[in-house]
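1. Take this sequence and fold it.
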Amino acid sequence: MRDPWTVLGTIDAIAPKYRGSERRDDGTTRLAREVSIVIEKDPMYGPRHDAERHRVGVEYETILEEVLQSLNIPFESENDLRQRGTSRTPDILLSCPFAINVGTETDERWKPVCWIDSKALFGDVKTHKESVIPQAESYVHRFGPGLLLYWFGHAPLQLLDDAQGDIAICGWDLPDQILLPTGDFVNTSSS
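-> Numbers count the residues shown, from 1 in each chain. Modelled structure (predicted):
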């Protein structure tokens, strides 16, 4: 409940048999005051937490955009895509796909990346499965394979769904190397 005063603020919101004990001198209700206090104090699910989580998400999207710009990698941002009228918008849609190495030092396997979605959170199994993958699969259907970047790390990769191999997952930062369509490598660690 974002605004308890609107929903619970007048005495009419209280069942008639309880109205006598609920009325306060200022004309509002005890229930509205208590719900408002709980919302303000809630560190995990209240509007203040939602606003902070959104702010951190935007901050990390901006960091990602700045890194890609410093590497001269052309892209459209989420805002650019919305201005175009795109209904589903990853944070970054690459103008020209690149590839990242998802293998090991001895067994290189390169995956194409057409879009990047920045997640300013830890990629736990439950959130990844229930929230992130359905969103990312819609990007796969529209734009091709992509990259989920969990800025605060993630659960072991073998526990995270990769949408039948169409989604690469990395944590903390972009992969160290990007393979451009020209065959050139871009070192991201120097940016």
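
2. and the residue minimising distance to the centre of the chain, what does it touch?
-> Residue closest to the mean C-alpha point of the chain, counted by CA atoms, centre = their mean, is residue 119 at 4.1 Å. Listed by CB atoms under 8 Å, 6 or more residues apart in numbering, the contact set of residue 119 reads 57, 132, 148, 149, 150, 151. (Glycine included, C-beta is placed from N, CA and C.)

3. Which of the residues you listed sits closest to residue 96?
-> residue 149 (18.5 Å; CB to CB).

4. give me the low-pLDDT residue ranges for this protein?
-> By pLDDT under 70, the low-scoring segments of the chain are 1-29, 190-191.

5. ok, which stretches of it are helices?
-> Taking DSSP state H to define them, one finds helices in the chain at 4-8, 19-22, 30-41, 47-70, 78-84, 125-127, 133-143.

6. Take those helices and write them to JSON lines, including mean neighbour count and distance to residue 172.
-> Listed next are those as JSON lines, based on neighbours: other CB atoms under 10 Å; distance: least, CB to CB, whole Å:
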{"stretch": "helix 4-8", "mean neighbour count": "16", "distance to residue 172": "39"}
{"stretch": "helix 19-22", "mean neighbour count": "12", "distance to residue 172": "51"}
{"stretch": "helix 30-41", "mean neighbour count": "15", "distance to residue 172": "32"}
{"stretch": "helix 47-70", "mean neighbour count": "14", "distance to residue 172": "11"}
{"stretch": "helix 78-84", "mean neighbour count": "13", "distance to residue 172": "21"}
{"stretch": "helix 125-127", "mean neighbour count": "12", "distance to residue 172": "17"}
{"stretch": "helix 133-143", "mean neighbour count": "17", "distance to residue 172": "18"}
